Structures are given as structure tokens and as C-alpha cells.
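Participant: Structure for this input, please:
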Amino acid sequence: MAAVTVRNLPEATHRALKVRAARNGRRTEAEIRMILEDAVSAKTSAGLGSQLAALGRRFGGIELNIKRDTRPAEPADFS
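Facilitator: The predicted model follows:
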């Protein structure tokens, strides 16, 4: 396992990490590992549109029979 040393960490940041770790029932070092793992892990959650669609399905939803207009948009005229 690799080791990392963080120098010049502000005291306020260190205190905040200790408080956060205690709140989560972990040691400070374990909390820092979790923060780093979360920061670099791939996002697996669905996007906002998918989340909203799933929410709609959960409550019965409705089917909108709307066809998307695939024609190119006309350029804006600011004259």
C-alpha cells in the first residue's frame, strides 16, 4: 500500500477532518482515505434526466407522445 504525506495542512482543516471522522465513526486517517476514494472513484449515479424519469415511473408516470423536432435550429437574428 502506498503512503502519502500532506504537509502544511491548516490546523482548522485538520480539526474539521477530526470532527468529520468522529461524526462518521472513523479514525481521521480512515476518513481521509474515504474522502480521497470518493473524489477519484468513477461516478456511477445516473444523470438528472434519468433520475427524474425513474422518479416519474415510481409514481405511475405518464407517457408523453411528443416527437422531437430534429430540424436544425435557425440562427438568432439580433438586428
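
Participant: Pull the residues that contact the helix or strand where Lys18 lies.
Facilitator: Using DSSP states H and E, Lys18 maps to helix 11-23. Helix 11-23 is contacted by residues Arg27, Thr28, Ala30, Glu31, Ile32 when judged by CB atoms under 8 Å, 6 or more residues apart in numbering. Glycine gets a C-beta too; all of them are placed from N, C-alpha and C.

Participant: Pull out the buried residues from stretch 30-37.
Facilitator: Of all the residues in stretch 30-37, those buried under the rule 16 or more other CB atoms under 10 Å are Glu31, Ile32.

Participant: State the mean pLDDT of it.
Facilitator: Across stretch 30-37, pLDDT averages out at 95.

Participant: Same question for stretch 1-15.
Facilitator: For stretch 1-15, mean pLDDT is 94.

Participant: what does stretch 60-73 give?
Facilitator: What stretch 60-73 shows for mean pLDDT is 87.

Participant: centroid residue for the chain?
Facilitator: Nearest to the mean C-alpha position of the chain, by CA atoms, centre = their mean, lies Lys43 at 7.0 Å.

Participant: how much space between Ala12 and Ala2?
Facilitator: 27 Å (CB to CB, to the nearest Å).

Participant: rewinding a little: Gly60: which of the contacts of helix 11-23 is nearest?
Facilitator: Glu31 (41.4 Å; CB to CB).

Participant: Same question for the helix holding Lys18: list its buried residues.
Facilitator: By 16+ other CB under 10 Å, the buried positions in helix 11-23 come out as Leu17, Ala21.

Participant: who's in contact with the following helix or strand past that helix?
Facilitator: Next helix or strand after helix 11-23 toward the C-terminus (DSSP H and E): helix 28-40. Helix 28-40 has contacts (CB under 8 Å, 6+ apart) with His14, Leu17, Lys18, Arg20, Ala21, Asn24, Arg26.

Participant: now the fourth one: how far from Val6?
Facilitator: When distances are taken as CB to CB, Arg20 and Val6 turn out to be 15 Å apart.
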